[in-house]
Every structure is written in structure tokens, then in C-alpha cells.
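Novice: What follows is a predicted protein model with its sequence.
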Amino acid sequence: MLATTSKVNHTILSLLKEEKAFALYRLPGKTEFHLMVSEKNFLEVEEMDFEELPSGFAFVPFDQSKLWFLPADYHFTSTNDSIDLSEFNISVCKKDITGFQLIPSNEDSDKEIYMQKVDQLVKSLQNNVARKVVLSRRKKVGTLAGNDYFSAFQKLCKTHSDAMVSLVYFPEKQQIWLGATPEILVKQDKAQVFTTMSLAGTQSAFDVNGKEIRPIDALWTHKEIEEQALVGRYIINCLKKIRVREFEEEGPKTVKAGKLLHLRTYYIIDNKEVNYPNLSSVMLNLLHPTPAICGMPKDAAEKLLAEVEGYDREFYSGYLGPINVDEESHLFVNLRTMKIENGEVYTYAGGGITAESLPGKEWWETELKMGTIKGAFDNIEKL
Ligand SMILES: C=C(O[C@H]1C=CC=C(C(=O)O)[C@@H]1O)C(=O)O
């Protein structure tokens with residue numbers, strides 16, 4: 001393979017070598033990417049308080065056991081393969097860049113076990129223990145060959161223009177997380193407009209003949225419509241708790257996320273009108289974990305997951321994103337993501353289980369979702 005050069009990738013390799021925490025990200029619909037680097041590593045904060053925190057990047061595990069925040073000691077923005085590092089004291093690594101390939105592992109499929117778990121949950125849900133539980137799994141898909149993280153990132157940016165694409169290095173655990181998430185958790189823009197979304201229901205964006213389904217032609221089952229409506233009701237309940245009644249609801253609408261279709265509704269609040277102090281931080285505390293990643297009611301779903309799921313989600317389905325950058329904050333649910341640890345690659349996916357779920361279909365849905373992030377590799381393992 002021909003070695004290529006890339007200024008940004010050489011910077012990434014230097015940061016990895018020097019074990020310096022960083023977050024590289026590109027927001028949905030934007031062309032520029034951002035690289036944030038801290039001298040101090042990720043800091044543990046007590047609260048994700050948008051009013052108090054400086055400019056930086058939030059990176060929080062699903063269980064919120066620790067709230068990590070990367071202060072943007074250095075923040076570079078660019079649209080191409082050049083970043084101006086003159087003020088940043090780092091000796092740039094000149095290693096050859098050797099692609100980004102997955103060497104698939106021959107691990108046994110956990111299909112049967114996953115389907116048994118779905119079955120077990122469906123029985124609990126039929127007995128009204130909860131209404132919905134989002135069961136997930138982690139799959140070790142292989143080992144990483146190559147070191148071209150930036151090309152993988154750029155590839156995801158190109159194929160997922162509506163996603164938040166990110167590459168985060170978390171030195172404490174020596175983990176790299178690469179993802180392309182379609183789900184906004186909390187967004188607060190310059191004009192003080194707050195946005196969150198209900199995103200749920202999944203189907204392939206291609207029919208059985210491989211022809212692309214236009215979002216407008218997508219048909220949804222009762223199970224999927226209900227699954228997404230539950231997330232919406234949960235969001236409205238959070239707003240009720242803080243007595244915010246003036247909000248706009250846009251949707252549900254079918255939207256494309258890579259090779260998948262979802263149902264999405266936006267909830268938008270103009271905080272210039274509502275004037276709710278610290279709205280984003282308060283809503284963040286109320287929202288996470290939403291029924292798009294946990295379940296409904298929350299406590300019952302958490303209990304069922306603790307009994308059935310059987311692994312630590314770590315940063316998958318936690319949240320991440322920039323806070324107080326150019327007077328805006330954009331937090332996303334960490335979905336369609338992979339973890340690279342000791343050269344091993346793990347993908348993650350979950351799906352909403354209701355009393356109507358069919359185990360085989362739920363399994364297939366997680367396979368499809370994992371396919372999204374595998375698109376970052378040069379050689380895509382066939383699904
Ligand atoms: C939990 C995931 O997706 C969520 C977001 C959209 C659709 C979902 C679903 O159809 O179940 C999930 O709620 C995941 O990608 O791992």
C-alpha cells in the first residue's frame with residue numbers, strides 16, 4: 001500500500017503518541033471540522049453547566065458515573081487538510097500513513113443470546129413491567145490495521161452530512177471513539193433557541209431489491225410509530241416538569257441517517273420568549289437517558305437493562321459534543337459509534353423493544369445499525 005501524507009493525521013498520531021486528550025468533530029450540515037486539544041486531559045466536572053463551563057467538549061458515559069469535559073485549551077478549525085499549529089507546542093510525528101482497515105475477527109455470533117434476551121424482555125413488557133426497553137449489544141468486530149484516522153473521519157463526514165461526526169481520544173482508558181450520530185440531545189444556538197429531538201423507529205433505506213426507499217414513501221408499523229411517540233411524550237413531560245409550555249413541535253417525519261430511515265420529531269423552544277434560566281443544563285439533566293436509548297418508564301427500564309443486558313456500555317449511548325463554542329452548544333447521543341482499544345475494534349447498537357417485538361427482526365436491526373460505522377473502514381466486512 002502507498003503511504004500518504006496528511007497534516008491533520010500526523011497531528012492526530014502525535015497526540016495519540018503523547019497521550020494528549022483531543023476531540024475532532026464536524027457538526028451536521030457543516031463543512032468545517034474542529035480539533036480541540038487540552039493540556040490537562042479530560043476533567044471530571046460535577047455538572048454539565050452551560051452557564052459556568054468554558055469552551056470545550058463534553059464526553060459522558062451512558063451511566064453518567066463521571067461527567068468528562070475537555071477544556072478547549074487549543075481549538076483549531078479548518079475545512080481541508082491543514083491546521084495552523086504554530087501556537088501549539090507539539091512535535092509532529094512523521095510516521096507513514098497506512099490506511100484504515102478492519103481485520104475481521106472470527107468471534108462466534110451472539111445472535112442466539114441476543115434473541116433470548118429480547119424474548120425475555122418481551123415477556124416482561126407483556127406483563128406490563130415497562131412499556132419499552134432499549135436493549136443493546138457490543139460486538140468485537142476485529143482488529144484495526146493502519147493508522148489513517150483522519151481519512152476514516154473524513155469518509156464519515158462525506159457519507160453522513162447530517163450527522164455529528166467525531167473522533168475522540170480518551171487517554172485515561174486509552175480508548176479512541178469514532179462515530180457518526182444522527183441524534184441531537186440538547187442544542188442551544190446563538191439566538192438562544194433550544195432544540196431536542198425524538199428519534200426512534202428504524203428501517204433500511206433500501207427495499208428487498210436494493211432500490212433506495214424515498215423517506216416520503218416509507219411505511220411504518222404500529223410498533224415503530226408507538227416507539228417514537230413514547231420518546232416524544234417523555235420529552236414533553238420533561239418540559240411540563242419545568243413548566244415550559246411554549247414549544248414548537250416539528251414532525252414526526254421520516255429522515256435518512258446513512259443507510260437507515262428513522263422517525264424524527266423536533267422540539268424547539270425560543271428561550272428569548274420563555275426566558276428560562278439555564279434551560280439547556282436543566283433539560284439535559286431531565287432528558288438523559290431518554291427512551292430512545294433506555295426505555296419507559298425510566299426506572300423500570302434501567303432495572304430491566306441491569307438484569308438483562310450484561311455488559312458495560314461505557315461511552316456508547318452516553319452523550320458528547322462541544323459546549324460554549326462560538327456561543328453555541330451541541331450535545332448528541334453517542335450512537336453509531338466504535339471503540340478502538342488496544343487495536344481491537346468494537347461496535348455497538350441497540351433497538352427499542354416493546355411487547356410487539358420480534359427477536360429476529362431486532363437482531364437484524366442492530367446489525368444494520370452497526371453497519372453504519374463500519375463504513376469508516378477501507379474494506380467493509382459484508383453484513
Ligand atoms: C439505540 C440506537 O438507536 C436509537 C436511535 C434511533 C432509533 C432507534 C430504534 O429504532 O430503536 C434507537 O432508539 C442505536 O443506534 O444504537
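Specialist: Yep, that arrived.
Novice: Is the residue nearest to Leu125 when sequence neighbours are not counted in a helix, a strand, or coil?
Specialist: Of all residues not flanking Leu125 in the chain, Ala355 sits nearest, at 4.2 Å (Cβ to Cβ, 6 or more residues apart in numbering). In this view, the C-beta of every residue, glycine as well, is placed from N, C-alpha and C. Assigned by DSSP: H, G, I helix; E, B strand; the rest coil, the conformation of Ala355 is coil.
Novice: now swap in Trp177 and tell me
Specialist: The three-state label given to Trp177 by three-state DSSP is strand.
Novice: Neighbours of the nearest residue to it once chain neighbours are set aside, how many?
Specialist: In space, and not counting its chain neighbours, Trp177 is closest to Val168: 4.8 Å by Cβ to Cβ, 6+ apart. Applying other Cβ atoms under 10 Å, we find 24 residues neighbouring Val168.
Novice: Same check on Asp96?
Specialist: Using other Cβ under 10 Å, Asp96 is surrounded by 11 other residues.
Novice: Just confirm Ser136 is within a strand.
Specialist: Yes - applying three-state DSSP, one finds Ser136 inside a strand.
Novice: where along the stretch 51-200 of the chain do the helices fall?
Specialist: Chain-ordered helices for the stretch 51-200 of the chain, with DSSP state H, counting those that start in this stretch as the definition, fall at 111-126, 149-159.
Novice: list the contacts for the residue nearest to Leu125?
Specialist: For Ala355, the contact set (Cβ atoms under 8 Å, 6 or more residues apart in numbering) comprises 122, 125-126.
Novice: would you list these in CSV and tack on pLDDT, neighbour count and distance to Ile242?
Specialist: What follows is the contacts of Ala355, written out as CSV (pLDDT from 0 to 100; neighbours: other Cβ atoms under 10 Å; distance: Cβ to Cβ, whole Å):
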residue, pLDDT, neighbour count, distance to Ile242
Val122, 98, 19, 34
Leu125, 97, 22, 29
Gln126, 97, 11, 34
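Novice: Show me what the residue of the stretch 51-200 of the chain at minimum distance from the ligand bridges to in the sheet.
Specialist: Closest contact between the stretch 51-200 of the chain and the ligand, by Cβ to the nearest ligand atom, is at Ala200 (4.2 Å). In this entry, Ala200 is beta-bridged to Leu263, by DSSP bridges.
Novice: In contact with it, which residues are there?
Specialist: Going by Cβ under 8 Å, 6+ apart, Ala200 touches 224, 227-228, 230-231, 262-263, 291-292, 352.
Novice: Could you do Pro61 as well?
Specialist: By Cβ under 8 Å, 6+ apart, Pro61 lies in contact with 313-315, 318.
Novice: Skipping adjacent residues, who's closest to Val325 in space?
Specialist: Using Cβ to Cβ, 6+ apart and skipping the chain neighbours, the partner closest in space to Val325 is Ser55 (5.3 Å).
Novice: Return the backbone torsion pair for Lys223.
Specialist: phi -60, psi -40 (degrees, to the nearest 10).
Novice: Surely it is in contact with Ile353?
Specialist: No - using Cβ atoms under 8 Å, Lys223 makes no contact with Ile353, being 9.7 Å away.
Novice: Between the two, tell me which one has more neighbours.
Specialist: Between Lys223 and Ile353, counting by other Cβ under 10 Å, Ile353 is the more crowded of the two (28 against 17).
Novice: Give me the distance between the more buried one and Met115.
Specialist: Distance, Ile353 to Met115, using Cβ to Cβ, to the nearest Å: 11 Å.
Novice: next one: Lys158
Specialist: 35 Å.
Novice: Which residues of the stretch 101-250 of the chain lie near the ligand?
Specialist: Residues of the stretch 101-250 of the chain found near the ligand (Cβ under 6 Å from any ligand atom) are 134, 136, 183, 199-202.
Novice: from those residues, which two are the most distant?
Specialist: Using Cβ to Cβ, those reach their maximum pairwise distance at Ser136 and Gly201, which is 16.2 Å.
Novice: Give me the more crowded residue out of the two.
Specialist: Neighbour count, other Cβ under 10 Å: between Ser136 and Gly201, Gly201 has more, with 26 against 21.
Novice: Overlap of the contact sets of Ile353 and Met115?
Specialist: Glu362.
Novice: Give me the local confidence score for the residue nearest to His160 when sequence neighbours are not counted.
Specialist: Residue nearest to His160 in three dimensions, not counting chain neighbours: Ala180, with 4.1 Å by Cβ to Cβ, 6+ apart. Ala180 carries a pLDDT value of 98.
Novice: and Ala180, bridged to which residues?
Specialist: The partner residues for Ala180, given DSSP bridges, come to Val165.
Novice: before we move on, what about Pro71?
Specialist: Going by DSSP bridges, Pro71 forms beta bridges with Gly56.
Novice: Could you verify my assumption that it touches Ser55?
Specialist: Yes - at 7.5 Å, Pro71 counts as touching Ser55 under the criterion of Cβ under 8 Å.
Novice: Helices of the stretch 251-383 of the chain, start to end?
Specialist: Listed in chain order, the helices of the stretch 251-383 of the chain (DSSP H, counting those that start in this stretch) span 271-274, 279-287, 298-308, 359-374.
Novice: and the last one, what does it pack onto?
Specialist: Secondary structure elements in contact with helix 359-374, counted by 3 or more Cβ pairs under 8 Å, 6 or more residues apart in numbering; DSSP states H and E, are helix 111-126, strand 132-146, strand 175-181, strand 193-204, strand 260-270, strand 337-341, strand 344-353.
Novice: Now do the longest one: distance to the chain's middle.
Specialist: For helix 111-126, the separation from the chain centroid amounts to 25 Å (computed by Cα atoms, centre = their mean, to the nearest Å).
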